[in-house]
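K.L.:
Fold the following.
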Amino acid sequence: MRLNIDFMDETDDVKQEEMNLLEKLLNHAAEMESVDKDSELSVTFVSNDAIQEINRTYRGKDSPTDVISFAMEEMGEGETEIAGAENLPRMLGDIVISIDMALKQAEEYGHSYIRELGFLTVHGFLHLLGYDHMTEEDEKRMFTRQEDILKSYGLER
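P.N.:
The predicted model follows:
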């Protein structure tokens, strides 16, 4: 495997086989994106209440959302690089997914829960790699890449 992934399920609703599939999907995405071997990230599954609190605290939006990513490699103003960090595994960051929203959106979009969970996971992963959808051009690039990854893995609508 290419990635070291720490899965945490605060809902106790995600089955081990679903986490295994997401681990394989993330490793597939990492290979397609040429991510360094042994890079690390976490994926946490939460309720709508928990993700709403995170969304309010970190984004100033007092509503639940489906996925939030916290990239570790974004250097902000006034931050400094850690000496010797080049010898450490690459820390990509954290992905937080609302299971409640995944279930709701799977039904709304007419596809399976695992397809929605895979979509949200890849979406969060691409954010960790610097993809964004703030402009129309960036959105097209990111969503095309998501679909390419999901399709090549075999997790289509």
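K.L.:
for the protein, which spans come out with low pLDDT?
P.N.:
The chain contains residues with pLDDT under 70 at 1, 74-88.
K.L.:
Could you list which residues are in contact with the spatially most central residue of it?
P.N.:
Nearest to the mean C-alpha position of the chain, counting by Cα atoms, centre = their mean, stands residue 124 at 2.4 Å. By Cβ atoms under 8 Å, 6 or more residues apart in numbering, the residues touching residue 124 are 43, 67-69, 95-97. (C-beta placed from N, C-alpha, C; glycine too.)
K.L.:
and the residues you listed as CSV, adding distance to residue 31, secondary structure and neighbour count?
P.N.:
Listed next are the contacts of residue 124 as CSV, based on distance: Cβ to Cβ, whole Å; DSSP: H, G, I helix; E, B strand; the rest coil; neighbours: other Cβ atoms under 10 Å:
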residue, distance to residue 31, secondary structure, neighbour count
43, 17, strand, 24
67, 21, strand, 21
68, 24, strand, 20
69, 19, strand, 20
95, 18, strand, 27
96, 24, strand, 24
97, 21, strand, 27
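K.L.:
so what does the helix or strand in which residue 54 is found touch, helix or strand wise?
P.N.:
Taking DSSP states H and E as the criterion, residue 54 maps to helix 48-59. If contacts are counted by 3 or more Cβ pairs under 8 Å, 6 or more residues apart in numbering; DSSP states H and E, helix 48-59 sits against strand 67-71, strand 91-98, helix 99-109.
K.L.:
that older thread, in space, what's closest to the residue nearest to the centre of the chain - neighbours in sequence excluded?
P.N.:
Residue nearest to residue 124 in three dimensions, not counting chain neighbours: residue 95, with 3.5 Å by Cβ to Cβ, 6 or more residues apart in numbering.
K.L.:
So that neighbour versus residue 107, what's the distance?
P.N.:
Residue 95 sits at a distance of 22 Å from residue 107 (criterion: Cβ to Cβ, to the nearest Å).
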